[in-house]
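In: predicted model and sequence below, questions to follow.
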Amino acid sequence: KVYEDVSELPGLSYDFVIVGGGTAGNVVANRLTENPDFSVLVLEAGVSNEGVIDSIIPFFVENLLMQPNIYEWNYTTVPQTGLNGRNVGNPRAHILGGCSAHNGMIYTRGPADDYNRFATVTSDPGWSWNRLLPYFLKNEKWTAPVDHHDTRGQYDPALHNLNGVNSVSLNALSWPVFSQHIIQSTKEIPDELPFNLDMNSGKPLGLGWVQSTIGGGERSTSATSYLGPKFIQRRNLHVLLHAQVSKLVNSSHKNGKLAFGGVEFKQGGASSLFIATAAKEIILSAGSVGTPAVLMHSGIGNRKTLSNLGITTLLDLPSVGQNATDHPAFGVDWTVNSNQTIASLTQNTTRFNEAFAQWNRSHTGPFSGGGTTHSAWLRLDHQILASNNFTDPSSGPDSPHIEVTFTPGSFAAPPGSNSISAGIAVLNPISRGSVTINSSNPFDSPIIDVGFLLEALDIFTGREAIKKVLRLFQAPTWQDYLIAPIEDLSDSSDDELDEYIRNSAASAFHLVGTAAMSARDADYGVVDPDLLVKGASRLRIIDASVFPFVISGHTQAPTYAVAERGADLVKMAWESKV
Ligand SMILES: Cc1cc2nc3c(=O)[nH]c(=O)nc-3n(C[C@H](O)[C@H](O)[C@H](O)COP(=O)(O)OP(=O)(O)OC[C@H]3O[C@@H](n4cnc5c(N)ncnc54)[C@H](O)[C@@H]3O)c2cc1C
């Protein structure tokens, strides 16, 4: 059951307390409560997802990103040196379902090579692609697109599972003219832009149709799926909203390891703090910002940072909050000779109201999907990297360096015009940032530094990506369709391209790595390959913060897979003790 007020909870003693009812936390809550002997409490700081129309209707995704709003933690980064001193938004969801309830819904597993690299750095083959694939499938409930169009040639059914939990589908064909041009370009310039039937095979290179976490025209989130009606009625599963965890308490040491018996939180408008106790484990699933912050306020982190703030260090783990990695993203936009664009809907009240009415009637039409229709996963030329003395940062030959998303709309477009955009993300940044704290008050915001474009390779990759994208749009199919670039970069020097990137890049919202896993005997890292905090017992982290590297793809499907495997690790640890 989902509770709005702590006074309604039957008690505050559970086997497992999960901090954060986000993308990963709700998976873990669901899987653990499959065992009727395990009781689980999820503490979620955010609000209910019920009836939040901007979260439910896929097309309204942008509304949730307008800061400030109550569905958001409303974070921004510190000024970014690599972005000419700008600070950029770093949205994190403050709603049951976490980022799965406000993200762009794009479903990508990423390259097999990335997971094989996870397995190598952790010395645990359990994190390899072959071993994680069953967990991706366990998460996925493949669903037909709402317009029931013929999807042959748009995905590979053999790679998908009809019987998982979280809906994934192709979008309805709302932008056919735009899509035709994209597919035609793969035929005209197949060497530059090969078609890939399904980017979720573990070999994503090429261009393919976007798959999204959408089912029946509604967004599918970890709250609507893993806490859906058939699960949330379990007697052993309790979720408490408006419950922000301050720190872990009741510490003790056993066999040289630190353990905590409880979790302290504030709830609703109450000024007093409450403690929930966990007889078996505390699981941190507060995400790449929340998890390191809770650790530090609990006395786990860099001794120097903590003592400067007057926090007693219980476990000196300097890697907490370090290794923050995110994809810098920017775009190239054109005005176009077509009125089949997002602007034609958003700038025309009659058409907007028609689309809204259609969605309300049947959950179909353009509001049933996000805007991006296709993604291309591309590599930089090997020689270009070598001749500029760069080492290939990717995890392997089937792993891309850049993503190009294709959307029939652009924020940069002049009002009244029709436009499209090619969004670019640098997928293997070698720059690193951090998430830390500068106050001993756990309710103060953490300090987020995404470390964008500090390293020469990252800005080089961005610059080469723009050149590549400009070449892609020279394919013959685009010539009558494009009117003009919104910012003409075709004759720009390398320095000018760098400035364009530094002045326009923002986050692709894929922050990971702030409580990264490492091999059991490594002298860095925050969790071991079983996701247990190093030096602690009965304390696990299961969310995107444990990724040692950012995936060369979007991060929600990888987070779901890590959560599914993480839940299995917890079950294996405790079911064998029964
Ligand atoms: C705007 C945006 C768009 C994105 N678009 C895409 C996309 O299209 N495709 C894709 O694959 N990925 C996308 N991502 C990334 C992806 O959604 C995230 O990487 C992933 O969902 C992270 O999951 P998580 O479980 O680690 O954290 P979250 O889902 O953020 O869950 C953490 C939860 O913990 C709660 N919490 C935090 N601190 C506390 C505390 N102290 N006490 C109690 N609760 C707490 C939060 O409120 C939140 O609900 C996007 C992300 C954002 C922000």
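Out: Happy to help now that I have it.

In: hey, let's count contacts and neighbours off CA atoms from now on
Out: Will do.

In: show the end-to-end separation of stretch 339-355, please.
Out: 15 Å (Cα to Cα, to the nearest Å).

In: now that stretch: buried residues?
Out: Neighbour-count burial for stretch 339-355 flags Gln340, Thr341, Ile342, Ala343, Ser344, Leu345, Phe352, Ala355 (criterion: 16 or more other Cα atoms under 10 Å).

In: tell me the average confidence for it?
Out: When pLDDT is averaged along stretch 339-355, the result is 94.

In: contacting residues around that stretch?
Out: Here stretch 339-355 makes contact (Cα atoms under 8 Å, 6 or more residues apart in numbering) with 175, 177-178, 365-367, 371, 408-409, 416-420.

In: could you do stretch 466-474 as well?
Out: Against stretch 466-474 from outside (Cα under 8 Å, 6+ apart): Ser185, Ile189, Glu192, Leu193, Val332, Val404, Ala422, Ile424, Ser490, Leu497.

In: check which helix or strand covers the fifth one.
Out: Pointing back at Val332 there. strand 328-336 (DSSP states H and E).

In: can you list the strands that that strand pairs with?
Out: Paired with strand 328-336 in the same sheet, following DSSP bridges, are strand 419-426 (antiparallel), strand 482-485 (antiparallel), strand 506-507 (antiparallel).

In: what's downstream of that strand, the next helix or strand?
Out: helix 342-346.

In: next, the buried residues of the helix ranked longest in the chain.
Out: As assigned by DSSP state H, the longest helix anywhere in the chain is helix 556-575. Buried residues in helix 556-575, counting neighbours by 16+ other Cα under 10 Å, are found at 556-571.

In: first to last residue in stretch 162-169, what's the distance?
Out: 10 Å.

In: tell me if the strand holding Val332 is near the ligand.
Out: No. Using Cα under 6 Å from any ligand atom, strand 328-336 never reaches the ligand; the gap is at least 12.0 Å.

In: pull the CA atoms of that strand into PDB?
Out: Extracted as PDB, the C-alpha positions of strand 328-336 are listed here (Å, rounded to 0.1, in the frame of the first residue of the first chain):
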ATOM      1  CA  PRO A 328      27.100  16.400 -22.500                       C
ATOM      2  CA  ALA A 329      24.500  17.100 -25.100                       C
ATOM      3  CA  PHE A 330      23.800  19.900 -27.700                       C
ATOM      4  CA  GLY A 331      22.100  20.100 -31.000                       C
ATOM      5  CA  VAL A 332      22.000  21.300 -34.600                       C
ATOM      6  CA  ASP A 333      18.700  22.600 -35.900                       C
ATOM      7  CA  TRP A 334      17.100  23.500 -39.200                       C
ATOM      8  CA  THR A 335      13.900  25.200 -40.300                       C
ATOM      9  CA  VAL A 336      12.100  22.900 -42.700                       C
END
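
In: okay, and which of the contacts of stretch 466-474 map to helices?
Out: Ser185, Leu497.

In: from the chain's centre, how far out does stretch 171-185 sit?
Out: How far stretch 171-185 lies from its chain's middle: 26 Å, per Cα atoms, centre = their mean, to the nearest Å.

In: of the buried residues of helix 556-575, closest to the ligand?
Out: Top of the list for closeness to the ligand, among the buried residues of helix 556-575 and by Cα to the nearest ligand atom, is Gln556 at 3.6 Å.

In: hang on, the closest one packs against Gly22?
Out: No. Gln556 sits out of contact with Gly22 when judged by Cα atoms under 8 Å, with a separation of 10.7 Å.

In: which residues do those two both contact?
Out: Ser100.

In: can you give me the helices for the protein?
Out: Using DSSP H, helices in the chain cover 23-32, 53-56, 112-122, 129-139, 176-188, 229-232, 287-297, 303-308, 342-346, 349-362, 382-387, 456-472, 494-504, 556-575.

In: can you list the buried residues of stretch 339-355 in TSV and add distance to Ile501?
Out: Converted to TSV, these look like this (distance: Cα to Cα, whole Å):
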residue	distance to Ile501
Gln340	28
Thr341	25
Ile342	24
Ala343	25
Ser344	28
Leu345	29
Phe352	33
Ala355	35
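
In: can you show me the CA trace of the longest helix of the chain as CSV?
Out: Output in CSV follows, covering the C-alpha atoms of helix 556-575 (Å, rounded to 0.1, in the frame of the first residue of the first chain):
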residue,chain,number,x,y,z
GLN,A,556,17.0,3.9,-17.5
ALA,A,557,17.0,0.4,-19.1
PRO,A,558,20.5,-0.3,-17.7
THR,A,559,19.3,1.0,-14.3
TYR,A,560,16.3,-1.4,-14.5
ALA,A,561,18.6,-4.3,-15.3
VAL,A,562,21.0,-3.5,-12.5
ALA,A,563,18.1,-3.2,-10.1
GLU,A,564,16.7,-6.6,-11.3
ARG,A,565,20.1,-8.2,-10.7
GLY,A,566,20.6,-6.3,-7.5
ALA,A,567,17.3,-7.6,-6.1
ASP,A,568,18.4,-11.1,-7.0
LEU,A,569,21.6,-10.6,-5.1
VAL,A,570,19.7,-9.5,-2.0
LYS,A,571,17.3,-12.4,-2.3
MET,A,572,20.1,-14.9,-2.7
ALA,A,573,21.9,-13.5,0.4
TRP,A,574,18.9,-13.7,2.7
GLU,A,575,16.9,-16.6,1.3
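
In: what helices or strands is that helix leaning on?
Out: With contacts defined as 3 or more Cα pairs under 8 Å, 6 or more residues apart in numbering; DSSP states H and E, helix 556-575 has these neighbours: helix 23-32, helix 129-139.

In: please work out which of those helices is packed deepest.
Out: helix 23-32 (a mean of 28; mean count of other Cα atoms under 10 Å).

In: can you check what angle separates that one from helix 129-139?
Out: Angle of helix 23-32 versus helix 129-139, following axes from the mean of the first three to the mean of the last three Cα atoms, to 10 degrees, is 80 degrees.

In: what inclination does helix 23-32 have with respect to helix 556-575?
Out: Per the same axes, to 10 degrees, the angle that helix 23-32 makes with helix 556-575 is 40 degrees.

In: pLDDT of helix 23-32, averaged?
Out: Here helix 23-32 scores 99 as its mean pLDDT.

In: quick one: it near the ligand?
Out: Yes. Legend: contact between helix 23-32 and the ligand by Cα under 6 Å from any ligand atom is shown at Thr23, Ala24, Gly25.

In: who's in contact with the last one?
Out: Spelled out, it's Gly25. Each residue near Gly25 by Cα under 8 Å, 6+ apart is listed here: Ile18, Val19, Val42, Leu284, Ser285, Ala286, Ile542, Asp543, Ala563.

In: which ones among those residues come in contact with the ligand?
Out: Restricting the contacts of Gly25 to those adjacent to the ligand (criterion: Cα under 6 Å from any ligand atom) gives Val19, Ser285, Ala286, Asp543.

In: quick one on the thing from earlier: nearest to the ligand, of the strands paired with strand 328-336?
Out: When the strands paired with strand 328-336 are compared by Cα to the nearest ligand atom, strand 506-507 sits nearest the ligand, at 9.0 Å.

In: returning to that earlier point: in CSV, list the helices of the chain along with distance to Gly535.
Out: What follows is the helices of the chain, written out as CSV (distance: least, Cα to Cα, whole Å):
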stretch, distance to Gly535
helix 23-32, 22
helix 53-56, 39
helix 112-122, 16
helix 129-139, 26
helix 176-188, 52
helix 229-232, 34
helix 287-297, 13
helix 303-308, 14
helix 342-346, 52
helix 349-362, 52
helix 382-387, 40
helix 456-472, 34
helix 494-504, 40
helix 556-575, 17
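
In: now the strand holding Val332: mean pLDDT?
Out: Across strand 328-336, the average pLDDT comes to 97.

In: going forward, the N-terminal residue is numbered 229.
Out: All set: I'll call the first residue 229, so the last point we hit is now strand 556-564.
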